Structure formats: structure tokens, C-alpha cells
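Student: Give me coordinates for this.
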Amino acid sequence: MDILLVLCGLVVALVVAGWSCARSYFEKGRLRGGEEATREILRGLSFHYELEGRTAPESVVRALKAVKAASRPHRKRRSSSPEPYHVHLCNLGYTVGEACWLKGHGAGARRKAPADGKIRLDLSLNELLQLGWLAHHGFQHMMPNYRSFEIYRFSDSEEAEEGAKAVSKIECAIPEKNRPFADLTVQFRKRQKLVDDWWQVTPSQLTA
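Tutor: Here you go, the predicted model:
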């Protein structure tokens, strides 16, 4: 009877030991697989987050070191659980994503920036149409050989004010040192006065 109990105890100990070894082997396999997957993913992403000279940002380097440190066996760690590794791996993913965004944002800003000596201006479709028409009409009247008797007018005050604002946007884009007039509000007030003087008169004056 004593021998049977001893044999049962040995069997139970053997099962527990086998289970512990299998679990440890499985956890180590998960860590090893995570390391390999991380290396392959970073290899594919490296072009998108590396700086000039193929150097990784400092934040990515620190996060990668933390991941490698978490994957190594530690004496104080009772088990080889990959949970700490997952935490650092999540932080690495966040850091790499942020580095990719920063690099892409910087590249996009440089691409949108005007060439040296050029000025870029954002205009709506309506403003572009207004300025195109005003520029053409102004060019005609600046030519000495222009003899047309056609007269083009704004249809209402709203259209006139839209044209005046579009011209003001062009004037504001001129560098201060190159402006033909120091105070931008002077030209704007002159145009606004023309609009107010015409569309604030009585209907009888409009038809005169």
C-alpha cells in the first residue's frame, strides 16, 4: 500500500513537472516567435521611419531596447510569461507609428512648401474666378490699343465685395518689403467705399 502511494505521488510529480516544462517551452516559443515577428515588421517599416542616413529615431531605439530586455530571462521573474514583453511591444508599435507619422508629415509639409522665391496662396474656386475676370478686364484697360466699348459691371454688392476680398487676399500675400503701399487697409477702404457709394443710393439714382 505504501509503495502504491509512493508510485502515485511520483506519477503526479511527473505529470506536474511535464506540464510545467511544456508550459515553459510554450511560453519561450511565444517569446521567440514574437521576437522574429518584431524583427521582420521593423525591417519592412524601417524605410518609413528612419531619418536621413538610415538612422532610427532615438525614441524607436529606446523602445526596441526595452523590448529586447523584456524578452531575456530574468532571475527575479518566476515564470517566462510574455506579458511584460507584450507591454513593451505595444509601446514599440506606438513609437514606430509616431515616428512614421512625423516623417510623413515633415515630407508632406516640404512637398507643399513653395519653391525658393515663390509665394503660394490658397484660393477658393469663386475667388479664383473673380480674380481671373478682374485680371483680364484690368489688362484690357491697361493696353493703349484697347478700343472696346463693352462695359462689364458687378451684378450686385455681394459679388463686388467678393471681388474686393479676393483682391485683398492677393495684396496680403505680397511680402511687406515689396508692397507698393504700406497700409493694406487704405486700398481695401477705397474699394469698399466704391461698393457702399453705389449700392447704398436710392433706386432712382441707380437707373439714372
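
Student: where in the protein is pLDDT low?
Tutor: Counting by pLDDT under 70, the chain shows low-confidence ranges at 1-2, 4-7, 10, 19-20, 22-26, 53, 72-83, 201-208.

Student: try 90 this time
Tutor: Scanning the chain for pLDDT under 90 picks out 1-159, 169-188, 198-208.

Student: Break it down into its structural domains.
Tutor: By the record's domain assignment, the chain is partitioned as 11-112, 125-206 (automatic domain parsing).

Student: Out of those domains, which gets nearest to residue 118?
Tutor: domain 125-206 (11.1 Å; CB to CB). C-betas here are computed from N, CA, C, even on glycine.

Student: Could you tell me how far the closest one lies from the centre of the chain?
Tutor: When C-alpha coordinates are averaged (CA atoms, centre = their mean, to the nearest Å), domain 125-206 and its chain have centres 36 Å apart.

Student: helices or strands next to the host helix or strand of residue 111 in the packing?
Tutor: Assigning secondary structure by DSSP states H and E places residue 111 in helix 83-112. Judged by 3 or more CB pairs under 8 Å, 6 or more residues apart in numbering; DSSP states H and E, helix 83-112 is in contact with helix 2-49, helix 58-71.

Student: Tell me which of the domains of the chain sits most buried.
Tutor: Burial among those, expressed as mean neighbours by mean count of other CB atoms under 10 Å, is greatest for domain 11-112, which shows a mean of 13.

Student: Show the end-to-end separation of that domain, please.
Tutor: When the termini of domain 11-112 are compared using CA to CA, to the nearest Å, they are 73 Å apart.

Student: what distance separates that domain from the centre of its chain?
Tutor: When distances are taken as CA atoms, centre = their mean, domain 11-112 is centred 26 Å away from the chain's centroid.

Student: Perfect, that will be all.
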